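S.K.: Sequence plus predicted model, see below.
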Amino acid sequence: MPPNLTGYYRFVSQKNMEHYLQALNIGMALRKIALLLKPDKEIDHQGNHVVVKTLSTFRNYILEFDVGVEFEEDLRIVDGRKCQRETEHERGRVRERGRHRIGNRLQAPSHQPRARRGARTHGPRDRDLAEVGRLTDCATQAPHITIVTWEEEQLVCVQKGEVPNRGWRHWLEGETLYLELTARDAVCEQVFRKVK
């Protein structure tokens, strides 16, 4: 029988967080902020239904799921990007432009004035398509499909998306909660102590 993880846990320590954040392609500024944080965990575990709240002075993240049931996870809170997919019909063709939102700014491919009609040059359409190539993670991002299951006494999460080997596992040893985060070849470990 899996353990009940319900409780409030205070942050104790972490190892290898910067390498993990780099594996997620998190920018340097956000990595520096994340390294200063000491998040707490609040877990409400009722049968197969689990709510995990990660609480910090910078951002809070709430993950609610049923064990063994796949769900689509919104991971924008991790790196601040909101991805959109936009389709336009032009001259009978379908074209896609990638955009992404950072904070309140919407960044889109840059546009320069069009050359006069008939001129042979690379126009805005060609640049837009090149920009889509550079913004692949936002323009064509597949949804993050997540599933959480029990492996003996460990709660194991697999996050399927653009980052290979992404996931985490939680387990208890006495009053200590361990969290192992993985992405690509990076492994980060966080330790929390139960306070109530």
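M.R.: Thanks, I have it. As the structure is a prediction and not an experimental result, all values here were calculated from the model. Numbering: from 1, shown residues only.

S.K.: where exactly do the helices run in the protein?
M.R.: 17-23, 28-36, 76-79, 124-134, 136-139 (DSSP state H).

S.K.: Phe65 and Asn4, how far apart?
M.R.: Phe65 sits 16 Å away from Asn4, going by Cβ to Cβ, to the nearest Å. To be clear about C-beta, it is placed using only N, CA and C from the backbone, and glycine gets the same treatment.

S.K.: just Ser56 next, same as before
M.R.: 24 Å.

S.K.: just Arg184 next, same as before
M.R.: Noted for Arg184: a distance of 32 Å to Asn4, by Cβ to Cβ.

S.K.: Could you check which of the two is surrounded by more residues?
M.R.: The neighbour count for Arg184 versus Asn4, taken as other Cβ atoms under 10 Å, is higher for Arg184 (15 against 12).

S.K.: Model confidence for the more buried one, exactly?
M.R.: You'll see Arg184 listed with a pLDDT of 95.

S.K.: Excluding chain neighbours, what is closest to it?
M.R.: Ala23 (4.1 Å; Cβ to Cβ, 6 or more residues apart in numbering).

S.K.: Leaving out sequence neighbours, find the closest residue to Gln14.
M.R.: If the residues on either side of it in the chain are set aside, Gln14 comes closest to Gln190, at 4.5 Å by Cβ to Cβ, 6+ apart.

S.K.: so who does that neighbour touch?
M.R.: Gln190 makes contact with Phe11, Ser13, Gln14, Met17, Tyr178, Leu179, Glu180, Leu181, according to Cβ atoms under 8 Å, 6 or more residues apart in numbering.
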